[in-house]
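Q: Quick one, fold the following:
(chains A and B)
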Amino acid sequence: MKKKTFWETCRPYVMIGPAMIGIFLFVIYPMLYLVYLSFFKYNLLNSAMSRYVGFENYIQIFNRPDFYKSLTNTVIYTGGVVVLTMLISLFFAVWLKKQTRLNYIIQAGIFTPHIISIVSVSLVWLWLMEPNLGFLNFALEKLGLPTSQWLQSSKTALFSIIIVSVWHGIGYYVLILVAALQGISPNIYEAAELDNTSRFRVFRRITLPLISPQMFFILIIMTIGSFKVFDTVRIMTGGGPNNATNTLVYYIYGFRTTNIGYAAATGVVLMVIIGILTFIYFRLMSKKVHYQ
Amino acid sequence: MASIEFVNVTKEFEKKDIIKDLNLTIKDGTFTVLVGPSGCGKTTLLRMIAGIGPQSSGAVLINGDDVTAVAPGKRGVAMVFQNYAIYPTMSVRENIEFGLKNNKVKKEERNQLVESISAAVGLTDYLDRKPSTLSGGQRQRVALARAMVKEPSVFLMDEPLSNLDAKLRAQMRLDLIELHKKLGTTFVYVTHDQVEAMSMADTIVLMNNGLIQQEAAPEEIYHEPNNLFVAQFIGTPPMNIGELGVDGVKFGFRPESAQTSDTPVDEYLSMEGEIATREMLGSETLYQMKYKDSAFMLKSNYAFYKVNQKIHIGVPEDKIYLFDSEGTRIRKDHERYSSYLEVLRGY
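A: All right, here's what the predicted structure looks like:
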């Protein structure tokens, strides 16, 4: 075999070099630095005064009730958003599967919230949900239904935020699912019809398995995204009332000036939790997902 | 077992009539092949029988009963699709027994049926495999088994062999003929391939533009075509057609009806032309002969004519077909038949 010249050996590394430099600078280095910071009691004014404290930050995290409170909130939020979004977008996708002009308009309508900044969306919903003057309570009252305190009660605040996030997100996922549904050969449905299959069984045994890769994708993407929720909380409640909507990332944000080492350690914990969750998903679900 | 009847059936699609006022009876237990160029409405007819693309008006009768209001799954028909339409997420066994499960067939009976059918089509070793791991021919067999296991009274097949390679297709043709003989049920088979139609059918229904051109046994459709379209659709290569030059009448003869020779042939229609192309097919050879402005295909057992060589051909009187300007066959009882034929004498 011909011996490779020096350039031939180097060429692939040179080619991917620029991308690798970017990834290292903007992904790997910050991540490692986050881990590094988490072992320090960091002094913002004078970094020379920073002190290595080992695992003290981590020990502190797991001993503080406010961490568990925000972890619980995040888990409830994630569960709520993931389940609601999956169900609602599946419903809309099945509804909008047929390519009629009306459906195109509806689909565009559902997708529109997704292209609006979440900050604007949050502000608008903040007004809508205002208990005394807001539109939601006005509408509920007119319909003779009980009103809600929405964001101003610790009982309903988290759920209110879930509503906003779901409303903002479904358009995108409907789009993915509609595409998946339209990718299924109509012959398969016709074959099922000839096999005397009930509509429910067609959905459960044919439609769902065939869009399972997309459903799985949505599950993973949404879980990761929801665990990192921040903007809605920041704008609509600021974590309140009484920490009812304090989520992990907002919790970290709270320590941005006062205790950087502690914030970094919480960030690492968040990263690990998301990693474990994703791993569990893949272990549990991989058998239920049908890739063709 | 079942007969199928179309009564004044019309199918509209986006306000255009694909099929208009069509009447057709498919006899019980026959192997009927619907054949025609793409877009002629043959698949549309098949889907009407299945109920997955119902007619716009008219009635479809299975065994004398109007099935217009009967759901596809309750008509006692099974269908093999062109792309097989196997459920991709189910194993071969699940695919085959899906219909049985829907019809609440008991487990023991189900297993027994699956075993016997899969043995019959040679899938026993693949029952637990996913369709994606099977070859084209095996998938085809899954589709066939799925249809057979329901023991339908009508088998519908929509170009089931078009995705197979030539060799496998020839094999499957034989298998299907045998299957039909064994089951004795009504087979309705759609294809655009006239070889498939000729080789398998009891009755060929040749369609074009939503109209039935001719409905007859393969022999009849080959030797006694109703019109120009049928004559030119059936046969490889199809019938040679030439202009008679009188009243727009055309004449035709089959490529194998012409005698070829180096010396003039004494037959009713004789001419001398030059060979333009030569295709050696094994037992026979196809020649394209240029004569004046037209070209005729010839099929001969003699393989040694060369390109550009001059040859003589002769066609006997009883092998000549005449068609009027509309394309309709002019038969022997037509008043001007012999006068038209006379023109050919001096062609």
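Q: Residue 42 - how many residues pack around it?
A: Defaulting to chain A. A total of 19 residues lie near residue A:42 under the criterion other C-beta atoms under 10 Å in any protein chain shown. Heads up, the C-betas are built off the backbone N, CA and C, glycines and all.
Q: Hmm, no, I was thinking of chain B.
A: Here the number of neighbours of residue B:42 (other C-beta under 10 Å) works out to 27.
Q: Once you drop chain neighbours, what's closest to it?
A: With C-beta to C-beta, 6 or more residues apart in numbering or on different chains as the measure, residue B:34 is the residue that lies nearest to residue B:42, at 4.0 Å, once sequence neighbours are left out.
Q: same question, residue B:176
A: Taking C-beta to C-beta, 6+ apart, and ignoring the residues beside it in sequence, residue B:176 has residue B:200 as its nearest neighbour in space, at 6.2 Å.
Q: circling back to that earlier point, confidence score at the residue nearest to residue B:42?
A: At residue B:34, the pLDDT value in this model is 94.
Q: so it touches residue B:190, yeah?
A: Yes. Here residue B:34 reaches residue B:190: they are 4.8 Å apart, a contact under C-beta atoms under 8 Å.
Q: since we're on residue B:72, how many residues are nearby?
A: When counting by other C-beta under 10 Å, one arrives at 23 neighbours for residue B:72.
Q: Contacts only, for it.
A: Residues in contact with residue B:72 (C-beta atoms under 8 Å, 6 or more residues apart in numbering or on different chains) are A:190, A:193-194, A:196, B:50-52.
Q: how many other residues sit next to the residue in the stretch 1-150 of chain A that chain B sits nearest to?
A: Residue of the stretch 1-150 of chain A nearest chain B, by C-beta to the nearest C-beta: residue A:100 (13.6 Å). By other C-beta under 10 Å, the residues close to residue A:100 number 9.
Q: Residue A:207 versus that one, what's the distance?
A: Residue A:100 sits at a distance of 19 Å from residue A:207 (criterion: C-beta to C-beta, to the nearest Å).
Q: How about residue B:169?
A: In this structure, residue B:169 and residue A:207 are separated by 33 Å, where distance is defined by C-beta to C-beta.
Q: Between the two, which has more neighbouring residues?
A: For residue B:169 and residue A:207, the more surrounded residue by other C-beta under 10 Å is residue A:207, and the numbers stand at 21 against 18.
Q: Could I get the contacting residues of the more buried one?
A: By C-beta under 8 Å, 6+ apart, the residues touching residue A:207 are A:94, A:181, A:184.
Q: what about burial for those, which qualify?
A: For these, a burial check counting by 16 or more other C-beta atoms under 10 Å in any protein chain shown picks out A:94, A:181.
Q: now the contacts of residue A:207 in TSV, with secondary structure, pLDDT and distance to chain B?
A: Supplementary listing: the contacts of residue A:207 in TSV, determined by DSSP: H, G, I helix; E, B strand; the rest coil; pLDDT from 0 to 100; distance: C-beta to the nearest C-beta, whole Å:
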residue	secondary structure	pLDDT	distance to chain B
A:94	helix	91	17
A:181	helix	93	14
A:184	coil	91	9
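Q: can you put the contacts of residue A:207 in CSV and add distance to residue B:141?
A: Supplementary listing: the contacts of residue A:207 in CSV, determined by distance: C-beta to C-beta, whole Å:
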residue, distance to residue B:141
A:94, 33
A:181, 29
A:184, 23
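Q: Can you list the neighbours in contact with the worst-scoring helix or strand of chain B on mean pLDDT?
A: Taking all helices and strands of chain B together, the one with the lowest average confidence (mean pLDDT, DSSP states H and E) is helix B:337-345, at a mean of 85. The list of residues contacting helix B:337-345 from outside it, by C-beta under 8 Å, 6+ apart, reads B:244-247, B:249, B:251, B:268-269, B:317, B:320, B:322, B:330-331.
Q: Swap in 7 Å and give it another go.
A: With C-beta atoms under 7 Å, 6 or more residues apart in numbering or on different chains as the contact definition, helix B:337-345 has outside contacts at B:244-246, B:249, B:251, B:269, B:320, B:322, B:330.
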